[in-house]
Each structure stands twice: as C-alpha cells, then as structure tokens.
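Visitor: need a structure here:
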Amino acid sequence: MSTTLDPCLRPIAQGRSTRSRSRQDPQPRPSSSSSSSSSPADSDEDLEYYRFKRQKTENVCPFSDPSRPNPCVDHAAPRSRKDSIMKHLNKVKQDPDPQHPKNDPIWASRLVRYFLTPRPKKYDNQKRKRGNQVSQHEYYVKRTKIQSEKGPEMKAKYLAGEIAKEEYAKVLIGNARREFLAEERVKDRLQLQFAADNDRAVQEKLEEKLRELRQTNVTGDDDEIRDLEAIRDKLTACESMLGNHRQEISLQSAKVVQFFSFPGFLQSEEQYLSFHSMHFPTKPSVKAYFEFAVLLLPPCDWDGQVRSQSTMRALKRTLHMYLEGEKDGLDPEEMEPLTSVMAIFNSSCDLLKEEDRRVDNLSLNQRQKWMDEQDDLWRTERAKFQKKSRFYARPAIEQYKLIDEFADMYREMKRAEIDTEVARQHAQQATSG
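Guide: Okay, here's the model as predicted:
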C-alpha cells in the first residue's frame with residue numbers, strides 16, 4: 001500500500017535537525033580582554049604542561065626506566081608531588097652522574113620538560129580561549145576517529161537489530177549524527193502512519209468479508225456474521241479508545257510544561273533557561289560561583305556547606321554532565337560557548353578558594369564579617385532564582401497531583417495499546433481464515 005509522506009516531515013527528511021546551528025547558546029560568548037596578551041608559543045607550552053598533567057603522569061624520575069643500563073634508583077618510586085622530581089632533576093642537571101649523563105637525549109624529551117616546568121600561572125582570556133580551541137579540536141578528532149573505526153560495525157549491528165539506535169548514535173558526531181537522528185524521527189513518524197494504514201486495511205478486509213458472508217448466507221445462520229461484527233466493533237472501540245488516550249497524553253504533556261513555566265513558553269522557540277531570563281555567568285567571580293550553585297545544587301542541599309570542596313566537585317560534575325549532553329552532535333565551533341561555561345565556573349571556584357585563603361589571615365571579627373557577606377550573597381541568589389523559577393510558584397501537593405494525573409493517563413494508554421493489539425490480531429485471524 002502506498003503512503004504519502006506527511007508534508008510536515010519533508011523538512012526533516014531533507015536533513016534538517018531540530019538542533020540546528022542557529023540554536024540559542026545558553027549564554028553569550030565572553031569577550032576577550034584587550035589587556036590580556038600572551039604569545040602562541042607561551043600558550044602552547046602551557047597547554048603541553050596541562051596535557052601531561054591530565055594524563056596523570058607518574059611522579060618518577062624519567063631516568064628510572066628499568067630498561068636503561070644504569071637507571072636512577074633514588075627516585076624510581078612514585079612521589080606524591082611533582083616538585084620533588086623537579087628538584088631532583090635540577091640538582092642532577094647541575095651536577096650530572098652516571099645515572100643522569102649530561103648528554104643523554106632524555107634531557108630534551110617532552111617528559112623532562114614537563115617535570116622541569118613549574119605550574120603555569122592562571123590562564124588569561126586569550127590563553128583560555130586557545131586552550132578551549134585545542135581541547136575542542138582534540139575531542140572532535142577523537143570522536144571522528146571513533147566514528148570512522150567503529151561506525152560501519154555499529155551500523156551493521158544496528159541494522160541487524162543487535163543494538164538500539166541510542167547506542168549507535170553514541171559513535172556518531174557532527175552532521176552524521178544529526179542526519180541519523182533526523183532519519184530516525186522520520187522513521188518513527190512513518191511507522192505510526194503505516195500502523196494507521198494497516199488498521200484501515202484490516203477494517204476494510206473485515207467489511208469486505210462481512211459483505212461476502214451476507215451475500216452467500218442462504219441458510220439464514222447469522223452466527224458467523226454476528227461473530228465477525230463483534231470482532232469489528234471491538235477493534236473499532238479499542239482504536240477509538242487508544243486515540244483518545246493519546247490525545248489526552250498530548251494535552252497533559254502540554255499541561256505539565258505550562259505548569260512549570262511562565263505563560264508563552266510552550267508557544268516560543270526558546271529553551272527554558274533563556275525564556276525565563278536565567279543564564280550562566282559570563283565572567284568569573286565569587287558572585288558567579290553562587291549563580292552557578294543555584295542552578296546546579298539541589299534545593300535540599302542549599303542550607304549545607306555550599307562553599308566546601310566537596311560541593312564544588314559535585315557542582316562541577318553536574319555541570320560537566322549537562323554540557324556533555326548539550327555538546328552531543330555539535331561541531332567544534334558550536335562547542336566553544338559551552339566549553340567557555342566550564343572555564344568560567346572553574347575560574348570562579350579558583351577565586352572563591354583565593355578568598356578563603358585570604359580570609360585565613362584576617363582577625364576573627366573580620367572573618368565573621370566576610371562569612372556573613374557570603375551568606376547574604378548566597379541568600380540573594382537563591383531569592384532571585386526562586387522568583388524566576390516556576391518550580392517554587394505552586395504548592396508541592398499540586399505538583400504531586402499533576403504527576404499522578406500524568407502517570408494514570410500513561411498507564412491507561414499502555415493498557416489501551418495492549419487491548420488494541422489483541423483486537424487487531426483477532427481481526428487479522430478472522431479475515432485470513
């Protein structure tokens with residue numbers, strides 16, 4: 001049976017994605033400070049340092065490799081601090097010994113340069129931007145390599161039904177991922193359309209068989225006709241009930257969104273944060289840390305130690321998971337605004353830590369005053385968030401009731417789907433006999 005593609009599917013079938021390049025960024029791109037200046041060479045050296053650091057290089061002497069004829073034994077065991085290896089290498093560089101020959105090519109290696117280099121100063125805007133670009137490029141190259149190596153195999157498994165589409169999509173990136181997801185949306189819509197066409201075909205076969213029975217019924221025995229009519233009526237009733245439940249689910253979904261958003265959000269094309277005037281900070285500061293915290297910390301933990309190291313780690317983990325989800329399928333140039341969000345958060349954490357260290361040198365009264373100021377700042381950000389967020393605009397009991405209504409509708413719809421499938425199978429058996 002031929003099926004005409006729904007006109008609303010054509011833009012998707014042409015390869016457009018709902019997640020296009022024109023999607024709104026979660027925050028404006030921070031502008032680079034004109035006063036920040038660093039040469040590309042300095043930036044590359046710093047990036048090289050952090051690249052080794054991310055690899056969790058063991059703090060052992062590079063000359064301690066057991067394969068060497070005369071390895072270093074004094075610093076062969078891993079040290080807790082990198083600077084102990086740096087001091088050791090500086091010492092033997094000034095006064096070489098048989099284990100650390102002066103002309104050994106290891107002295108020119110990248111690993112030795114890493115150990116001899118002190119930790120770079122905090123990145124300025126230009127270095128941070130350069131670091132983001134390098135990180136995004138490395139990520140894109142890594143994902144592209146995974147796609148080229150595992151893509152054909154995963155595609156074959158997906159087509160064979162061995163893996164789900166979500167698992168196959170994990171190995172895709174960029175335009176390939178967008179096109180695949182767009183094709184899947186078209187398939188899902190077509191499957192619904194084909195199912196509707198199949199239901200109509202079953203109904204037509206039932207009516208045709210009923211006409212044949214009525215025309216050939218010369219004995220006056222109407223039992224078979226009545227049975228077939230009962231099957232037809234049952235299928236019609238189940239399909240009608242299922243359609244009603246799906247319509248109710250659609251309306252209830254809109255009701256849930258409207259319940260937790262300001263009027264007009266559902267009709268807009270904006271994301272929740274931007275529509276409700278909530279944005280990630282664009283400049284690092286102590287105040288920015290609290291602006292992040294109010295978005296990333298569960299309200300049940302708001303009265304805890306929001307400035308503690310454990311809370312910072314929890315916030316960073318939550319932000320990382322959110323940004324990674326937003327990055328899925330994007331090209332490197334599209335990731336830059338999202339990557340800058342994490343950089344601003346990290347810098348804000350560093351500023352708060354510096355403040356904590358500075359306060360340690362103050363008097364007891366001054367420390368108490370500073371802590372009171374921080375608490376006031378945190379309360380202010382909480383109040384701003386509560387004013388903008390609709391999650392605090394309704395009583396909790398109303399939220400629970402809304403969830404129960406939605407759950408009841410969903411359960412009823414699933415039961416209706418089962419009843420409709422059973423009725424459809426009975427109808428197909430009746431028409432094939």
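
Visitor: below-threshold pLDDT in the stretch 51-200 of the chain: ranges please.
Guide: Across the stretch 51-200 of the chain, the ranges flagged by pLDDT under 70 are 54, 56, 122-125, 127-128, 192, 194-197.

Visitor: domain parsing for the chain?
Guide: Following automatic domain parsing, the chain resolves into domains at 40-120, 122-173, 279-388.

Visitor: just send those back as JSON lines, with mean neighbour count too.
Guide: C-beta coordinates here come from the backbone N, C-alpha and C atoms, glycine included. Shown next, in JSON lines, are these (neighbours: other Cβ atoms under 10 Å):
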{"stretch": "domain 40-120", "mean neighbour count": "14"}
{"stretch": "domain 122-173", "mean neighbour count": "15"}
{"stretch": "domain 279-388", "mean neighbour count": "16"}
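
Visitor: quick one, which of the ones you listed is nearest to residue 254?
Guide: Nearest of these to residue 254, taken as Cβ to Cβ: domain 279-388 at 21.5 Å.

Visitor: give me the pLDDT value at residue 422.
Guide: In this model, residue 422 is scored at 88, pLDDT.

Visitor: check which helix or strand it maps to.
Guide: helix 396-432 (DSSP states H and E).

Visitor: how about that helix: buried residues?
Guide: 402, 406, 409, 412-413, 416, 419-420, 423-424, 427-428, 430-431 (16 or more other Cβ atoms under 10 Å).

Visitor: of those, closest to residue 137?
Guide: Using Cβ to Cβ, those come closest to residue 137 at residue 406, 43.5 Å.

Visitor: what sits against that closest one?
Guide: 252-253, 256 (Cβ atoms under 8 Å, 6 or more residues apart in numbering).

Visitor: report pLDDT for it.
Guide: Listed pLDDT for residue 406 reads 87.

Visitor: from residue 249, how far out is it?
Guide: 8 Å (Cβ to Cβ, to the nearest Å).

Visitor: picking that back up, closest to residue 263 among the buried residues of helix 396-432?
Guide: Distances from residue 263 to these, taken as Cβ to Cβ, are shortest for residue 402 (16.8 Å).

Visitor: I figured that closest one hits residue 255, correct?
Guide: Yes - between residue 402 and residue 255 there is a contact at 7.3 Å, judged by Cβ atoms under 8 Å.

Visitor: look up phi and psi at residue 100.
Guide: The phi/psi pair for residue 100 (degrees, to the nearest 10) reads phi -130, psi 70.

Visitor: for the strand or helix carrying residue 339, what is the average pLDDT?
Guide: Under the criterion of DSSP H and E, residue 339 resides in helix 332-359. Mean pLDDT, helix 332-359: 85.

Visitor: for residue 254, which non-adjacent residue is spatially closest?
Guide: Residue nearest to residue 254 in three dimensions, not counting chain neighbours: residue 266, with 6.0 Å by Cβ to Cβ, 6 or more residues apart in numbering.

Visitor: now do the same contact list for the one you found.
Guide: Here residue 266 is in contact with 254, 257-258 (Cβ under 8 Å, 6+ apart).

Visitor: now it: how far from residue 284?
Guide: Counting by Cβ to Cβ, the gap from residue 266 to residue 284 is 34 Å.

Visitor: for residue 415, same thing?
Guide: Distance of residue 415 to residue 284, computed by Cβ to Cβ: 53 Å.

Visitor: does residue 394 belong to a helix, a strand or coil?
Guide: coil (DSSP: H, G, I helix; E, B strand; the rest coil).

Visitor: next one: phi and psi at it?
Guide: Dihedral pair for residue 394: phi -130, psi 150, per degrees, to the nearest 10.

Visitor: quick revisit: got a winner among the contacts of residue 266 for most neighbours?
Guide: Using other Cβ atoms under 10 Å as the neighbour criterion, residue 258 leads the contacts of residue 266 with 15 neighbours.

Visitor: distance of that one relative to residue 400?
Guide: For residue 258 relative to residue 400 (Cβ to Cβ), the value is 17 Å.

Visitor: all set now, cheers.
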